[in-house]
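Visitor: Below are the sequence and a predicted model; questions follow.
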Amino acid sequence: MTAGPRAVVWAGASYSWTWWADMLEDLGWLDATFPTDPAGLRAGLDGAGLLLVGGGDASVVSDALDRARARHWLDAGGTAVGTCAGAYAMRRWAGVRVLNAADAEPRGAPARAWSRCAEGLVVHVARGPVRLTTADGRRLVAHLYGGPVLDGATGTGVRVLSRYDGAAEGAEVLLPGHRPLLDGTPAVVACGVGRGRLLLSGPHLEHPDCGAARAWLAGQLGLGPIDAGRRPSRAVAGRARGDPLLARLSEVRRTAISAGDLTWSSGDRTWSAQRVAAMADAVLQRASALRSWGWPLEARHELRALGHVAGRSRPASTAVDWDAVLLATSTVGGRVMGAYFEALRAGMPRPARRRPSRLRAEGHCAAGTGRTPSRAMGVARP
């Protein structure tokens with residue numbers, strides 16, 4: 001199979017973008033970049049054919065896409081996929097509304113049962129694996145973590161590709177009285193935008209535990225496995241010491257795990273230290289492989305930034321400090337992941353990835369040893 005379009009994965013301050021990296025790597029689609037700011041995103045879209053946007057703060061994602069002129073790129077013939085926050089952010093380009101919008105916070109419901117996006121308040125019926133039925137009758141399972149229930153009757157030329165079929169085993173039902181929102185309602189839709197194509201999904205089809213959903217999504221996008229053996233075998237130039245980066249990533253991961261179920265608010269989202277740990281772990285595995293192969297990038301600025309915030313990320317830190325940890329880890333992560341994919345294209349043998357037993361299905365790490373009490377920062381949420 002010939003090489004496909006260059007992919008751009010938005011790796012702004014979140015953690016689920018690493019799931020897109022997992023999916024692309026598993027398919028052998030290695031021509032990918034991972035920008036973490038609007039300027040980098042705009043530069044990355046030049047010549048790219050595929051934009052992948054996952055979870056995070058929908059308002060922040062929308063702002064980044066607007067500043068990067070992503071809609072202009074899509075109109076010109078690109079293909080964009082938005083899951084979870086990415087779907088909330090890009091649905092406006094197709095005029096697609098959501099069915100899980102609400103006028104007020106659900107009374108007596110846990111805090112995770114609702115959140116806010118640019119258009120107002122939305123409710124979340126369940127969290128975790130949900131069942132899907134595709135337009136051709138296939139049954140899939142994907143993970144839902146606050147993503148939208150889409151209105152397939154809105155927009156122009158919108159096609160429903162898959163519908164919700166209820167919560168699957170292992171899901172946490174947050175709003176039992178709202179179960180009809182996940183009964184036959186649109187989960188994945190697609191439409192044309194200008195000369196381009198837009199696909200929106202409430203659930204994370206790219207989640208590493210959802211192999212069948214991943215394969216189905218790849219088929220919808222015309223992606224298939226590429227023979228990794230055809231990669232060139234030239235060496236990667238520009239060695240640099242990777243040890244400081246590995247040490248700081250390890251420190252961030254350890255500190256985040258020890259923080260237990262600590263959460264803090266930022267923008268329209270509530271973040272957890274365990275998400276920081278999950279992202280640091282995914283990046284650390286790639287950084288370790290790069291260290292063995294030969295470090296193909298200079299990361300002095302990012303190393304200083306990460307080292308500074310890592311030194312402040314103690315359990316007694318403020319929400320502002322944890323925000324800085326999340327942003328710095330994401331910034332370094334995008335650089336490391338881009339270098340890792342570059343090294344794979346250059347012939348680096350693909351290392352075996354592992355998911356530590358401490359990582360749960362959502363990508364969170366298990367709570368710490370109990371020495372750190374559970375608490376929230378700047379938000380009264382569990």
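Guide: Sure, I can see it. Numbering: from 1, shown residues only.

Visitor: In contact with Asp37, which residues?
Guide: Each residue near Asp37 by CB atoms under 8 Å, 6 or more residues apart in numbering is listed here: 12, 64, 331. Every residue, glycine included, has its C-beta placed from N, CA and C.

Visitor: same thing but at 10 Å, please
Guide: Contacts here follow CB atoms under 10 Å, 6 or more residues apart in numbering; on that basis Asp37 touches 10-13, 43, 64, 67-68, 330-331, 334.

Visitor: Same question for Asp183.
Guide: Applying CB under 10 Å, 6+ apart to Asp183 gives the contacts 125, 163-166.

Visitor: which of the contacts of Asp37 has the weakest pLDDT?
Guide: Among the contacts of Asp37, Ala13 has the lowest pLDDT, at 66.

Visitor: Show me where the stretch 251-382 of the chain has its strands.
Guide: When secondary structure is read from DSSP state E, counting those that start in this stretch, the stretch 251-382 of the chain shows strands at 263-266, 269-272, 376-377.

Visitor: coming back round to it: from the contacts of Asp183, which two are the most distant?
Guide: Looking at those by CB to CB, the two members farthest from one another are Val125 and Arg163, with 14.2 Å of separation.

Visitor: Give me the more crowded residue out of the two.
Guide: Comparing Val125 with Arg163 by neighbour count (other CB atoms under 10 Å), the higher total belongs to Val125, at 26 against 21.

Visitor: just checking, that one touches Pro110?
Guide: No. When contacts are counted by CB atoms under 10 Å, Val125 is not listed as touching Pro110 (11.9 Å).

Visitor: buried stuff in the top helix by length along the chain?
Guide: For the chain, the helix with the greatest residue count under DSSP state H is helix 319-345. Of the residues in helix 319-345, those scored as buried under the neighbour-count criterion (16 or more other CB atoms under 10 Å) are 319, 321-345.

Visitor: so what's the closest residue to Cys117 other than its chain neighbours up against?
Guide: Of all residues beyond its chain neighbours, the one nearest Cys117 is Ala58 (4.3 Å), with distances taken as CB to CB, 6 or more residues apart in numbering. If a contact means CB under 10 Å, 6+ apart, then Ala58 has 82, 84-91, 115-119, 122, 146, 148, 267-269 as its contacts.

Visitor: Out of those, name the ones that lie in helices.
Guide: Using DSSP H, the subset of the contacts of Ala58 located in helices is 85-90.
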